[in-house]
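J.: Got a sequence here, can you model it:
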Amino acid sequence: MIRRAGFAIGGLLVLSAVAVVAAGWYIERTVRQDIDRSLAQLPGGAVATYSALDVDILGRRGTFRDFIVLRDGRHVLEAAELSITDPGPVLQGATGPGTQAIAGRIEVERLSLSPIPGERVAIATLTLEKPAADADQLRQLALADVDPPLAAWLGALSVERAVASGIAQLAAAPATAAVVTVDGLGAGRIQRLGATTWAVGPWLGAALDAEDVTLGGVDQLLRGAAGAAVPVAGRLLVRDVRFATEADQRLSFGELSLEAFGLTERASPRGADRLIEWLTSVSIGAARLSSLRAEEPSERRVSTAQSATVRGWIGSKIDAVEARTLSVTSPVFEARVGRLALTGFTGVARDAGPLPTGSFALSDLLVEAPDVGRVSLARATFDAKSASPPSAWYADQRIEIGPLVYHPSSTAQAAVPYGVLAGRERVTATTALTMTAADDNRRLAVTIELQIADAGEATLALDLVDSAAWLALAPPAASAVTGWGPVRVEHARLTYRDQGLVALGFAAAGRATGLPAAQLQMLMPLALEQTVRRSGRGPASQAAASVLARFLQTPATVTAVFAPSRPMRLDTTIRLLQEAPDAAADTFGITLTTDP
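T.: Model (predicted):
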């Protein structure tokens, strides 16, 4: 009895096993048939093929070998192996609006994508966690008459996490990366994006990390297309970046970080000739750059910067820029700057608008050139007040430079034997320029001040008219104006107060001629007056020669005034001075006075 029961139970188990196997075979066969039907009817007329399929019913996993998707006879996707775990509604033919699950996990090996003719992306391995898609949106993209950009395809997808390795984009602008990680892709945005050992065209980098990335902004940035203002990334950080051009120009930096990075509505096509337009299409909340180095081997020139920061960059306006420890070295000269700062900057618009305004400061400048000498500058500032129409960029501004210390070379001293450099190891100077506009910018008052220690002080004051038409021109229109254009001089005044320059000049002349400096200072003014009198010059020249002779004998203060009966064109004035400088007093009616 027991034996019979055992046989019965054994037979039941065998039958159950056979039933399970048969059911599994039937289910697997049904699954394969469903898969084959789905792959033969992909959106947009695409079809898919494979060489083998392994199905794990209990594990809800299918693995394709040699998986290929074709559209119009073109391979748009190839994968040596494609594994899908826990297939979702999208793979089961679900339709309707909204995002639905594709699968719990997708793993791909040796993937090749070609969504756009002529471009291909190769990926060694790709893993997608919880991928999902808007099936209707994907279908519309597949049926589009024009191949949509990659950003559009990604915008229809979402994924909790994606990791890709061994990436290479083969196109007009090739790109590669060792590993790319994406966290939180959805609704056209990426929560976090990372890449290691990446390259885009001539750019190479060790690492890239970005947060809150907008796919549309990235697409517009990479394509250089014009469009509306769009964010690119909430934060972007790249490290150890190198760049090289075909002309062997090299650029590298240690780290670049961008906060609130985006594009304005003035985004322009990319290209070297459109660099200014591209830069004025950028918006950046804050940026920091470190360890910058630029090399031009053909010129043997190297430029470096320890650090640079930017705040509030929107198009052609920047709240603040600061750079520290800059240097330029070449066979001709060497220059170093301790600090460079710019605040409240409004740049040049290529189509229209004002010229730059803002505050500029430079400190700790050192320039050395073998044939010229060494120049050190403690500080230079430029302050151009921001102004609204009808005021112009030059309505109220001031430039100050100094103290500037110049150590002339022997070559420079020999070139100016009787001047301020004669016999001096160092020259210290300060200078300033002030411009003030009036009468709806028609009139411009310019004052230039120069002070050279132990030499003298000079001040030039110019009253110009019709300056607005030249100074306020936008660059395209300015190219049609040559020289100084319509600018005219209404009044000019040059005042010089001697503090030792005349004595330096006579001392240098004495060393050159072997005569005592005091004797030269007595004889040369007399010779000047006699020469002008014999030349037949007019009364104005003779009067000026007498004043200049008294000044040379007793240096104090001398003033030259140019007051024409009506304003003279500035370009004409400069040309006549160059052609006959000794006749300037008669030609322009210049008067000289001296204070003993």
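
J.: What does the pLDDT read for residue 350?
T.: Residue 350 carries a pLDDT value of 41.

J.: now swap in residue 424 and tell me
T.: The pLDDT attached to residue 424 in the predicted structure is 69.

J.: now do residue 199
T.: Looking at residue 199, its pLDDT stands at 87.

J.: Same question for the one 10 residues further on.
T.: Per-residue confidence (pLDDT) for residue 209: 93.

J.: got it, and residue 264?
T.: At residue 264, the pLDDT value in this model is 81.

J.: Next up, the contacts around it.
T.: 229, 280, 281, 282, 283, 314, 315 (CB atoms under 8 Å, 6 or more residues apart in numbering). C-beta coordinates here come from the backbone N, C-alpha and C atoms, glycine included.

J.: so how far is residue 280 from it?
T.: Distance from residue 264 to residue 280, counting by CB to CB, to the nearest Å: 8 Å.

J.: before we move on, what about residue 568?
T.: Distance, residue 568 to residue 280, by CB to CB: 39 Å.

J.: quick one: contacts of stretch 576-589?
T.: Residues contacting stretch 576-589 (CB under 8 Å, 6+ apart): 535, 537-541, 543-544, 562-564, 568, 573, 590-592.

J.: Which of those residues fall in strands?
T.: Among these, DSSP state E puts 562, 568, 591, 592 in strands.

J.: what sits in contact with each of residue 264 and residue 280?
T.: Shared contacts of residue 264 and residue 280, defined by CB under 8 Å, 6+ apart, comprise residue 315.

J.: sorry, back to before: turn the buried ones among the contacts of stretch 576-589 into a named ChimeraX selection, would you?
T.: A single ChimeraX command selects the buried members of the contacts of stretch 576-589 (16 or more other CB atoms under 10 Å):
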select :537,540,541,543,544,562,568,573,590,592
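
J.: immediately after the worst-scoring helix or strand of the chain on mean pLDDT, which helix or strand?
T.: The least trusted helix or strand in the chain, going by mean pLDDT, DSSP states H and E, turns out to be helix 475-478, with a mean of 40. Per DSSP states H and E, helix 475-478 leads on to strand 488-498 as the next helix or strand towards the C-terminus.

J.: What is that next one packed up against?
T.: Using 3 or more CB pairs under 8 Å, 6 or more residues apart in numbering; DSSP states H and E, the elements in contact with strand 488-498 are strand 456-465, strand 557-562, strand 568-569, helix 570-579.

J.: how about residue 216, phi and psi?
T.: Recorded main-chain torsions at residue 216 are phi -60, psi -40, according to degrees, to the nearest 10.

J.: what does whichever helix or strand residue 531 is part of contact?
T.: In this assignment (DSSP H and E), residue 531 forms part of helix 517-534. Applying CB under 8 Å, 6+ apart, the external contacts of helix 517-534 come out as 502-503, 506-507, 509-510, 513, 541-542, 545-546, 548-550, 552-553.

J.: Show me where the stretch 51-200 of the chain has its strands.
T.: 52-56, 61-71, 74-87, 99-101, 103-113, 120-129, 132-134, 157-170, 175-186, 189-200 (DSSP state E, counting those that start in this stretch).

J.: List the neighbouring strands of the second one plus their orientation.
T.: Meaning strand 61-71. The sheet places strand 61-71 alongside strand 47-49 (antiparallel), strand 52-56 (antiparallel), strand 74-87 (antiparallel), with pairing taken from DSSP bridges.

J.: tell me which residues in that strand are buried?
T.: Applying 16+ other CB under 10 Å to strand 61-71 flags 61, 62, 63, 64, 67, 68, 69, 70, 71 as buried.

J.: Please determine how far the fifth one is located from residue 127.
T.: The spacing between residue 67 and residue 127, counted by CB to CB, is 16 Å.

J.: How about the second one?
T.: Spatial separation of residue 62 from residue 127 under the definition CB to CB is 16 Å.

J.: hang on, the earlier thing: how far out from the middle of the chain is the helix holding residue 531?
T.: Between the centre of helix 517-534 and the centre of its chain there are 58 Å (CA atoms, centre = their mean, to the nearest Å).

J.: got the CA coordinates for that helix in PDB?
T.: What follows is helix 517-534, C-alpha atoms only, in PDB (Å, rounded to 0.1, in the frame of the first residue of the first chain):
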ATOM      1  CA  ALA A 517      75.800 124.100 -17.800                       C
ATOM      2  CA  ALA A 518      75.500 127.700 -16.500                       C
ATOM      3  CA  GLN A 519      77.100 129.100 -19.600                       C
ATOM      4  CA  LEU A 520      74.800 127.100 -21.800                       C
ATOM      5  CA  GLN A 521      71.700 128.300 -19.800                       C
ATOM      6  CA  MET A 522      72.800 131.900 -20.500                       C
ATOM      7  CA  LEU A 523      73.700 131.600 -24.100                       C
ATOM      8  CA  MET A 524      71.100 129.200 -25.500                       C
ATOM      9  CA  PRO A 525      68.000 131.400 -24.800                       C
ATOM     10  CA  LEU A 526      69.700 134.400 -26.500                       C
ATOM     11  CA  ALA A 527      70.500 132.200 -29.500                       C
ATOM     12  CA  LEU A 528      66.900 131.100 -29.600                       C
ATOM     13  CA  GLU A 529      65.600 134.600 -29.800                       C
ATOM     14  CA  GLN A 530      68.100 135.600 -32.500                       C
ATOM     15  CA  THR A 531      67.300 132.600 -34.600                       C
ATOM     16  CA  VAL A 532      63.600 133.300 -34.600                       C
ATOM     17  CA  ARG A 533      64.100 137.000 -35.400                       C
ATOM     18  CA  ARG A 534      66.400 136.200 -38.300                       C
END
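
J.: Now intersect the contacts of helix 517-534 with the helices, please.
T.: The helices, defined by DSSP state H, take in 502-503, 506-507, 509-510, 513, 541-542, 545-546, 548-550, 552-553 from these.

J.: What subset of those is buried?
T.: Using 16+ other CB under 10 Å as the burial test, the ones in helices among the contacts of helix 517-534 include 502-503, 506-507, 509-510, 541-542, 545-546, 548-550, 552 as buried.

J.: what about residue 488, how many neighbours?
T.: By other CB atoms under 10 Å, 20 other residues sit near residue 488.

J.: same deal with residue 297?
T.: Neighbours of residue 297 (other CB under 10 Å): 11.

J.: Which parts of the stretch 251-400 of the chain are strands?
T.: Assigned strands in the stretch 251-400 of the chain, in chain order: 282-296, 301-314, 317-329, 334-346, 357-369, 373-384, 396-408 (criterion: DSSP E, counting those that start in this stretch).
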